[in-house]
Every structure is written in C-alpha cells, then in structure tokens.
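My questions concern the predicted model and sequence given below.
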Amino acid sequence: MAALYGDWEAVIGLEVHAQLLTRTKLFCACEPRFGDPPNTHTCPVCLGLPGALPVLNDGAVRLAVRAALALGCTIQPRSVFARKNYFYPDLPKGYQISQYELPFALAGELAIEVDGERQRPRILRIHMEEDAGKNVHHASYSVVDLNRAGTPLIEIVGEPDLRSGAQAAEYLRRLREVLMAVGVNDGNLEQGSFRCDANVSVRKPGGPLGVRAELKNINSFRFVEEAIDVEAKRQIALYESGGHMVQQTRGYNSEKKETYLLREKEGDTGYRYFPDPDLPALHLSAELVQEIARSLPELPDARRARYVSELGLTPYAAGVLTGHPKISELFERTLEIVGRAPEAQRVEVVKIANFIQAEVLAGVRTDGLEATLPIGPQQLAELLELVRAGTISGKQAKEVFAKTAGTDRSPKEVVGSEGLAVMSDPGELERLAKELVASSPKQATQYRAGKTNLLGFFVGQIMKATKGSADPALVNDVLKRVLAEGG
C-alpha cells in the first residue's frame, strides 16, 4: 500500500446491503418486485399507516441465517428489532425497522486474495432490516416510489480490515459470489439489490483510527475501488495541508474522479434507536440453525480449491467456472454424465473446462441467479465425446456447437445431417498429400534437407483443403510418409 498512499494507510470498512430473495416483504404480504409501475406493491404496513402492524417473514429469517452461516458467523439465539428514527421522503413511517444492539449474527469472515496475498477480513455483524423506498429525481421535481419499501435486507457490517480500493472491490466480488451461491441474493448491482457503503479513513501506519467519511450510492466494483482510492488521497491531502476531517457522507463522481459532500454524518445516537414495541424478540433455536447449516451447498472458495486439487484445473479456470451458480452447475452436471462412461472412454475434465471457457461462456446471458445457457450438459458431454472418439475434430466441434447452440438438437444428429465427420480415409489423404507435395517442390526439398518445421505448412494446407475435417494425427503420419518416399 505504500506506493498507493505514500506514508499513509487507508482504513476501510464496508457495510453491504443485500436484498433477500423472498416472495413477500419483510413485514407484510406485498411482493418486492423490481420494475413494476410505481407504488403498485404497497399496503398499510409498508406505507406506515396508523394502526398497521408488522408480521415477521419466516422465509426472510431463514435466508438471513443461511447467509450468515455461509459467512462463518455465530447465530445469536435471541435478537431484537429496533426502530431507527430519521426523516426521509422514501421512509413513510419516519423510522426504519432494523436491528441494533442485539443483531442475529456476529463474528464472521471472508477469504479474499489480491496481488497474490490471501487475507480473511472479518465481519463484525449481520442484521436484518427493511429497505426504504426510492426517490426518483427529475429536473425540477422529485417523486417517491414505495414499491421497494419493506423489502427484506441483510446488512453485512465489515470490520475495518481492508487497506485499499482493490481489496474492497475483491471483498465485494467474493461476498456477492457467496450470497448468490447459497441462493439468498441475486447480486444485481444495477437494480440495487446488492449495494454497499464504504467507510474510509486514513492514518499513519500503527496510529489511531482517523475520522471517517462514508461513501454512498456507488453501483459497480470498479467505481467502489476508484472512489475509495480517490477519497483516501483527498483525506491525506487535507491532513497534509493542515486541515482536519469532519465525519460526513459523500458521493462519487466517476467522470470527474472526485468525491463530493452529501451531508454531515450523524452518529448512532442521532437515530434514537429503541426496541420496536410491535415486534417480539426473535428466538432462533439450535435445531433450526443446524437444519439450515445442513442445507448449505459447497461454497465457491471450497469448490475452487477442489477443482484445483482434485480435478487438476488451473486457479484461473476454477475461478471462471465458479463465477456464477449456473456455470458451476453446467460443469458439474457434464462431469456427472461423462463419469458414467467406462474410464477409458471418458472425456478429460480439463477439456470440458476449456471448452466451457473458450466457447460456451461467450453465449451465456445472466440475469441475477438465472442464466440462459447456449448448450445443456447432455449436449456438451455428447459433443466432447465425438471429439474424443475422433468422429469430429476440435475445429469441427466449434461448428457443431454453433449449430447446436440454443436448440435441443443432438450433436450426433448435427454431425450426421451436416456431413461434418472427420475425414479418416488414408487413401484419400494420401492422394491429397501427393498432390500437395508435387505442387510445392521448394518446400518439399527444404523439408527433406532438414527443415522439418515445414511439416506444419503441409499440414495446414491439407486441413485447409479438407475444411478442417481431416484427422490431424493421420494427416501428420501420411505427410511424413509421402515426403520421405519422395526423398
């Protein structure tokens, strides 16, 4: 970090808000759906009308516990909902139902790796709360859409263990990955279902924590990284010029590469937290927590490690294949299908991984936890088996994939109907080889004189003449024999 901040270091803690994938809101039966007409998913509870009483969503609690366990947190047997009081147009009750002194989860961690350095930033706490509505600003007026009001959230509060924008961005990527893998959040930054506030301060290494600024409303990993580094350098310049920091909330202008003041930051006392009198304490039994823990899938970090240690993939390939749950699922299901074949006839795992990375991913379209895949696991396994058996070449596999993508056609059927089988007739290849050698006397003479790398020239010409349908190994053998016979 010395090169980035000179004699100073940045101290960064992230507060991540992740919407839970429930069918209804946290305290009422309204649907938390994005993109519908404004104010069409509201009721007396999420509008904060007098006399309306909240009822806690059991599904939201289960998803919240699921997320906390995946992040290594300790689940508290008793937690309390509190009222966080502040006025804002998109908060019709005048307070937000959250958790404060007694959250439901404490003390987790998340593994990250930046520039080859592996770290485990700590998570202080995770608490449940309801989302506010959304202010929509126009040139001369603003309006409020309360469809989002009451949507269930978890807030994941990190300890100030991060030291650069790059570390913060990687932390967010890995956190998003875990939440998507366990099915609690769709990871959509643009729609705001996964968003963060960054608390940034600077100090001389080993010194006390400085006054922090909170960066809000940044909706991409790249901009989070930029904004943190820009803000750290602003604070350093302020201190070095003799100024002093005031706790405040700031935004980020990505075009000007600068942060700007939004408002002076209140402390927690300004929110006047007190237990919500309409909601009893939340009690989570050990049996429920164990049940949820048993239902957790293999987490991305463990899956990457297994792909490297057991399957022989590179760390990069393992990272790509665990980047989205549906990509992992395609890879795993293809492996299952291939694994049913006799051992001597199995497609190599590395070849499956390589084909997914090189060909399949270009056609994948993701939408939160869902993804549209151009090919299914049965089709992929069949296609790669055709290559392994020598029925088609690697180049032809790309053609078959293109004709199979987005359809339910069988690769075998495509090969048969399109006439794409490998040319493996030795007699026909020998005829082509003799014609080629006769038409290329200069190259043939040079090859026979010891310039054996010219074999690649001859192989390339045969492959071109056969439109890539010839068996490359057979082409090599035939050419070597024909060239030797003419020597």
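Received it, and whenever you're ready, just let me know what you need.

rest of the way, CA atoms for contacts and neighbours
Will do.

helix, strand or coil for A18?
strand (DSSP: H, G, I helix; E, B strand; the rest coil).

sorry, that was for L4
What three-state DSSP gives for L4 is helix.

Surely E15 is within a helix?
No - E15 is assigned strand when assessed by three-state DSSP, not a helix.

how many neighbours does the closest residue to it other than its chain neighbours have?
The shortest distance from E15 to any non-neighbouring residue, by CA to CA, 6 or more residues apart in numbering, is to V157 (4.5 Å). When neighbours are counted by other CA atoms under 10 Å, V157 registers 22.

Tell me how far V157 lies from H137.
29 Å (CA to CA, to the nearest Å).

Check A70 too.
Separation of A70 from H137 (CA to CA) stands at 37 Å.

Compare the two (neighbour count), which wins?
Between A70 and H137, counted using other CA under 10 Å, the more crowded position is A70 (21 against 10).

Now do the same contact list for W8.
Applying CA atoms under 8 Å, 6 or more residues apart in numbering to W8 gives the contacts A2, V202, R203, K204, P205, I236.

can you pull the contacts of the nearest residue to G48 once chain neighbours are set aside?
The spatially closest residue to G48, leaving aside those adjacent along the chain, is K93, at 4.5 Å (CA to CA, 6+ apart). K93 makes contact with L47, G48, L49 under the criterion CA under 8 Å, 6+ apart.

and those, which of them are in strands?
Of the contacts of K93, none are assigned to strands by DSSP state E.

where exactly do the strands run in the stretch 351-487 of the chain?
365-367, 370-372 (DSSP state E, counting those that start in this stretch).

could those strands go into CSV alongside mean neighbour count?
Listed next are the strands of the stretch 351-487 of the chain as CSV, based on neighbours: other CA atoms under 10 Å:
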stretch, mean neighbour count
strand 365-367, 12
strand 370-372, 13
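
Make CSV out of those and add distance to E15.
Formatted as CSV, these follow (distance: least, CA to CA, whole Å):
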stretch, distance to E15
strand 365-367, 24
strand 370-372, 26
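
mind giving me CSV with these and columns for distance to S142 and mean pLDDT?
Shown next, in CSV, are these (distance: least, CA to CA, whole Å; pLDDT from 0 to 100):
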stretch, distance to S142, mean pLDDT
strand 365-367, 29, 83
strand 370-372, 33, 86
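
between those strands, which gets nearest to E225?
Smallest distance to E225 across those (CA to CA): 23.6 Å, for strand 365-367.

Distance from the chain centre to that closest one, please.
Relative to the chain's own centre, strand 365-367 is displaced by 11 Å; criterion: CA atoms, centre = their mean, to the nearest Å.

Spell out which strands sit alongside that strand in the sheet and which way each one runs.
strand 370-372 (antiparallel) (DSSP bridges).

Any idea how many residues pack against A358?
10.

quick one: it from K351, how far?
Using CA to CA, A358 is found at 10 Å from K351.

In contact with I327, which residues?
L321.

and it, backbone torsions?
I327 has phi and psi values of phi -70, psi -40 when expressed as degrees, to the nearest 10.

what ranges do the helices span in the stretch 251-400 of the chain?
Assigned helices in the stretch 251-400 of the chain, in chain order: 286-294, 300-309, 315-321, 325-339, 349-355, 377-388, 394-404 (criterion: DSSP state H, counting those that start in this stretch).

Out of the ones you listed, which gets nearest to N185?
helix 325-339 (11.9 Å).

And the closest one, what's buried?
For helix 325-339, burial by neighbour count (16 or more other CA atoms under 10 Å) applies to P325, K326, I327, S328, L330, F331, R333, T334, L335, V338, G339.
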